[in-house]
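Visitor: A structural model of the following input is requested.
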Amino acid sequence: MLHKTYKMLCAVLLLNLSFGCATKNTQIIATKGLFDTVSSTENLPLQHTFYLIGDAGNAAKNKPLAHFKALEKQLANSSKNATVLFL
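Guide: This is a model prediction of the structure:
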């Protein structure tokens, strides 16, 4: 009986690992842009801007990803006080 329970537990754990939350495809909500802006109620000038970029590990050689193109457009319009952080 214990051997059968052990096999069932291993099967359930294996299925849980196989069908976990992670997927192979990038998940982007189509209704939202790659960069959403949030404005403050105060009209203070920005002193520094941080751009956080994730999922850079899926980049193929000589084939840029869509979020890199969007980042390039944002950086072209940003000030010199900007930092890009790759997560």
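Visitor: Just give me the longest helix of this structure.
Guide: Across the chain, the helix with the greatest residue count (assigned by DSSP state H) is helix 2-18.
Visitor: Give the next helix or strand downstream of that helix.
Guide: Per DSSP states H and E, the first helix or strand lying C-terminal to helix 2-18 is strand 49-53.
Visitor: Dump that following strand to CSV, restricted to CA.
Guide: Written as CSV, here are the backbone C-alpha positions of strand 49-53 (Å, rounded to 0.1, in the frame of the first residue of the first chain):
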residue,chain,number,x,y,z
THR,A,49,14.6,57.7,-15.1
PHE,A,50,15.0,54.0,-14.6
TYR,A,51,14.0,51.5,-17.4
LEU,A,52,13.6,47.9,-16.2
ILE,A,53,13.9,45.3,-18.9
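Visitor: thinking again about what came up before, what residues sit buried inside the longest helix of the chain?
Guide: By neighbour count, and taking 16 or more other C-beta atoms under 10 Å as the criterion, helix 2-18 has no buried residues at all. For every residue, glycine as well, the C-beta is placed using N, CA and C.
Visitor: contacting residues around it?
Guide: Taking contacts as C-beta atoms under 8 Å, 6 or more residues apart in numbering, no residue outside helix 2-18 touches it.
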